[in-house]
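Engineer: Need a 3D model of the following:
(chains A, B and C)
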Amino acid sequence: MSELLSVSALALMLSLFLGLLRVVRGPGAGDRMLATQLIGTAGVGLLLVLSVSLKQTALIDVALILALLAAVAAAAFTGQQRGTGDD
Amino acid sequence: MIDAMASLLIVSGLGFYLAGSIGLLRLPDLYSRLHALTKADNLGLGLLTAGLALHAQDLLIALKLVLIWLAVLAASAASAHLIAQHARRQETPS
Amino acid sequence: MNTTALLVLDVLLVFSLLSLAAAALATRDARRSVILFMAFGLVLAVAWARLLAPDVALAEAAIGAGLSGALLLAAVREQPRRALSGDTKPIHSRNDAGLKVTLQWTVTLFCVALAAILAWALTQAFDSASKDALAQAVSANLAASGVSNPVTAVLLNFRAYDTLLELAVLLTAVLGIFALGPARSGYRSAGPVFDGLTRWLVPVLILAAGYLLWVGAHAPGGAFQAGATLAAAGVVLRLAGQRTIGLPQGHTLHIVIAAGVAMFLVVGLSLLVLGRPFLGYPPALAGGLILLIECAAMLAIAATLVLAFLGGRPQPPSVNPAGAKPGALSISMLRSRSREFPSDTDSHNAESCRGFNEEKNRC
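Structural biologist: Residues are numbered from 1 along each chain as shown, chains lettered A, B, ... in the order given. Have a look, this model is predicted:
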């Protein structure tokens, strides 16, 4: 089981790395934000696998906060326009 | 037995993750890349958390893992819509 | 986890961090570098977790990935489009050019000196024989500190004075933010997708903040992480076009902002009056006092970060029914233009902000 966890950690890191390529390359801002979401999801998976293999249950809390804050980051990116003057 | 099930779930989850990431690199357009991200990656995370929850054999940890998966699911569904709407707004000349 | 896998993981993490940082610094487009910086924050949080520092990973995930990114994106959006594309006005006089070059060289030399000092400190950490002495001293005194998480014990008990000064720095930052003038006008009311996201994200963030505050006594967590998570809830509310975003109004806001430093001073001075050293908690009461200080600090930190996102002194809510549902938006816009029914919409806003106030002020 522990070898499977090592392999899965590496596979998730590879997935994160592929997202990284898209962040640096991606022609538009939407592509970059999309790849940031991928990095967030892969990071959450990686944290969960690390919490089991490094035996630190606190990393599950870190994964939860990372998931929620990645949502906040996406929300901030797609910011709506400013309100009109009577706001 | 439980370990075998957990291993199967984890491996299939990883497969979906890698499929989603490769789709993110290879697909031609922002909108198709969104499909790859939100469908494949969230399913991969779901299978991964199911496998880890089985492996942990602790109810509290399993519930936390399910909560994380549900949060990621809802958040990435909403953010996929938002990113697509933003891209659409940028495309159409204002 | 076997060491080769860990080594490969570390190499990939370091390479990702360095390339993201280089890419973020090398681009000319401000928006692109902010998004790269957000990705950098996410990978850095994973790196902290891999280094078995969950408290720092929590803080990095909350502040570095989410809040700093939102803050920088809001700041970048303030710039007019032309400045972002890189074609600035040509330098008119020679003096300007000379000043600019001098400034660049000064900053470069300062950064190089800082990097050299950090590298020297790193080598000291490697070959010092007493590198575990601090950890041993903390674990020897942990039982008397009132909490069982060593990081919280160091922050709120052994080095409480440093935390008091950090909170004073945050308070000074708020004074600077207030000096910027009134806050920018708010965002438009959210569409249905954003509204649906806000409806579950904000309560979950508030709950997560309360959880982090509580669990900080015996597991990684604490006031800073909880405050940052609570601030993220406020930022999401602001982005969704809500009027009061959970911040209290007027004098209550001032009290909340000063609460962190004030609670520290109240506890420390009353201990001084009772004959103990300043901020020297009696071991029996230490746990309760730490929780009390952390509650006040969490509220202060959250208010400070939300004010930083606002970018100025918050304005009292006007007649604009920005909190209304999207379906009723057209009708409310007609109403606000004619300004015929101010009392209805005002009471609706007061209801919603009272509810959020209670959520935020409860410990």
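
Engineer: hey, let's count contacts and neighbours off CA atoms from now on
Structural biologist: Noted.

Engineer: distance of C:Pro220 from chain B?
Structural biologist: Going from C:Pro220 to chain B by CA to the nearest CA, to the nearest Å gives 16 Å.

Engineer: Let's verify the spatially closest residue to that residue that is not a sequence neighbour: helix, strand, or coil?
Structural biologist: Excluding its sequence neighbours, the residue lying closest to C:Pro220 (CA to CA, 6 or more residues apart in numbering or on different chains) is C:Asp55, at 5.0 Å. With DSSP: H, G, I helix; E, B strand; the rest coil as the basis, C:Asp55 sits in helix.

Engineer: any idea how far C:Ser270 is from C:Asp55?
Structural biologist: Distance, C:Asp55 to C:Ser270, using CA to CA, to the nearest Å: 30 Å.

Engineer: Now do the helices in chain A.
Structural biologist: For chain A, the helices defined by DSSP state H occupy A:2-25, A:29-53, A:58-77.

Engineer: Please tabulate those in TSV and include mean neighbour count and mean pLDDT as additional columns.
Structural biologist: Below are these laid out as TSV (neighbours: other CA atoms under 10 Å in any protein chain shown; pLDDT from 0 to 100):
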stretch	mean neighbour count	mean pLDDT
helix A:2-25	21	91
helix A:29-53	26	92
helix A:58-77	26	92
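
Engineer: ok, the residue of chain B found nearest chain C to C:Thr172 distance?
Structural biologist: When scored by CA to the nearest CA, chain B has B:Ala78 as its residue closest to chain C, at 6.1 Å. Going from B:Ala78 to C:Thr172 by CA to CA gives 37 Å.

Engineer: If you count surrounding residues, which of these two has more?
Structural biologist: Legend: neighbour count by other CA atoms under 10 Å in any protein chain shown for B:Ala78 and C:Thr172, higher for B:Ala78 (22 against 13).

Engineer: and the more buried one, what pLDDT?
Structural biologist: pLDDT for B:Ala78: 91.

Engineer: thought it was touching C:Leu197?
Structural biologist: Yes. The pair B:Ala78 and C:Leu197 qualifies as a contact (CA atoms under 8 Å) at a distance of 6.2 Å.

Engineer: ok, and the closest non-adjacent residue to the residue nearest the centre of chain B?
Structural biologist: For chain B, B:Asn42 is the residue whose C-alpha lies nearest the centre (CA atoms, centre = their mean; 1.5 Å). Among residues not flanking B:Asn42 along the chain, B:Leu73 sits closest, at 6.2 Å (CA to CA, 6+ apart).

Engineer: Let me know the secondary structure of C:Pro277.
Structural biologist: coil.

Engineer: Just the pLDDT for it.
Structural biologist: pLDDT, C:Pro277: 87.

Engineer: who are the neighbours in contact with the closest residue to it other than its chain neighbours?
Structural biologist: Distance criterion CA to CA, 6+ apart; nearest residue to C:Pro277, sequence neighbours excluded, is C:Leu271 at 6.8 Å. By CA atoms under 8 Å, 6 or more residues apart in numbering or on different chains, the contact set of C:Leu271 is C:Pro277, C:Phe278, C:Leu279, C:Gly280, C:Tyr281.

Engineer: What helix or strand is C:Leu271 located in?
Structural biologist: Assigned by DSSP states H and E, C:Leu271 belongs to helix C:250-273.

Engineer: cool, and C:Val147?
Structural biologist: Assigned by DSSP H and E, C:Val147 falls within no helix or strand.

Engineer: Check the spacing between it and C:Asn141 real quick.
Structural biologist: 11 Å.

Engineer: The two: who's more crowded?
Structural biologist: The neighbour comparison of C:Val147 against C:Asn141 (other CA under 10 Å) goes to C:Val147, with 24 against 13.

Engineer: so the more buried one touches C:Ala153, yeah?
Structural biologist: Yes. When contacts are counted by CA under 8 Å, C:Val147 is listed as touching C:Ala153 (6.1 Å).

Engineer: sorry, back to before: was I right about the residue nearest to the centre of chain B contacting B:Ala74?
Structural biologist: No. The pair B:Asn42 / B:Ala74 is not scored as a contact, 9.7 Å apart, by CA under 8 Å.

Engineer: so who does C:Leu180 touch?
Structural biologist: With contacts defined as CA under 8 Å, 6+ apart, C:Leu180 is in contact with C:Gly311, C:Gly312, C:Arg313.

Engineer: Which residues of chain B lie near chain C?
Structural biologist: Taking CA under 8 Å from any CA of the partner chain as the contact definition, chain B meets chain C at B:Ala74, B:Ala75, B:Ala78, B:His81, B:Leu82.

Engineer: okay, these in TSV with distance to B:Thr38 and secondary structure next?
Structural biologist: Converted to TSV, these look like this (distance: CA to CA, whole Å; DSSP: H, G, I helix; E, B strand; the rest coil):
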residue	distance to B:Thr38	secondary structure
B:Ala74	10	helix
B:Ala75	10	helix
B:Ala78	10	helix
B:His81	10	helix
B:Leu82	12	helix
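
Engineer: Check which helices and strands the helix or strand just after the helix holding C:Leu271 sits against.
Structural biologist: Heading C-terminal from helix C:250-273, the first helix or strand you meet, by DSSP H and E, is helix C:286-310. On a contact count with 3 or more CA pairs under 8 Å, 6 or more residues apart in numbering or on different chains; DSSP states H and E, helix C:286-310 meets helix C:68-78, helix C:160-179, helix C:192-215, helix C:223-239, helix C:250-273.

Engineer: what's the angle from helix C:286-310 to helix C:250-273?
Structural biologist: Put simply, helix C:286-310 runs at 150 degrees to helix C:250-273, going by axes from the mean of the first three to the mean of the last three CA atoms, to 10 degrees.

Engineer: Could you single out the nearest of the contacts of C:Leu180 to chain A?
Structural biologist: Nearest to chain A, judged by CA to the nearest CA, of the contacts of C:Leu180 is C:Gly311 at 13.8 Å.

Engineer: Ramachandran angles for that closest one?
Structural biologist: phi 80, psi 20 (degrees, to the nearest 10).

Engineer: so what's it up against?
Structural biologist: So C:Gly311 contacts C:Ile177, C:Leu180, C:Pro182, C:Ala183, C:Arg184 (CA under 8 Å, 6+ apart).

Engineer: As CSV, those residues with pLDDT would be great.
Structural biologist: As requested, these are arranged in CSV below (pLDDT from 0 to 100):
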residue, pLDDT
C:Ile177, 91
C:Leu180, 86
C:Pro182, 85
C:Ala183, 80
C:Arg184, 77
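
Engineer: Make a ChimeraX selection of the buried ones in those.
Structural biologist: Remark: buried members of the contacts of C:Gly311, expressed as a ChimeraX selection using 16 or more other CA atoms under 10 Å in any protein chain shown:
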select /C:177,183,184
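
Engineer: Pick out the most distant pair among the contacts of C:Gly311.
Structural biologist: Farthest-apart pair in the contacts of C:Gly311 is C:Ile177 and C:Arg184; separation 12.0 Å (CA to CA).

Engineer: what residues do these two have in common as contacts?
Structural biologist: C:Gly311, C:Gly312.

Engineer: Leaving out the residues flanking it, which one is nearest to residue 16?
Structural biologist: Just going to use chain A. Sequence neighbours aside, A:Ile39 is the residue nearest to A:Leu16 in space, at 5.1 Å (criterion: CA to CA, 6+ apart).

Engineer: Actually, chain C is the one I wanted.
Structural biologist: Per CA to CA, 6+ apart, closest to C:Ser16 is A:Phe17, 6.9 Å.

Engineer: ok, the one you found touching C:Leu17?
Structural biologist: No. Using CA under 8 Å, A:Phe17 makes no contact with C:Leu17, being 10.3 Å away.

Engineer: list the contacts for the residue of the stretch 201-350 of chain C found nearest chain B?
Structural biologist: The minimum distance from the stretch 201-350 of chain C to chain B, using CA to the nearest CA, falls at C:Leu201 (8.1 Å). Counting by CA under 8 Å, 6+ apart, C:Leu201 touches A:Leu68, C:Ala233.
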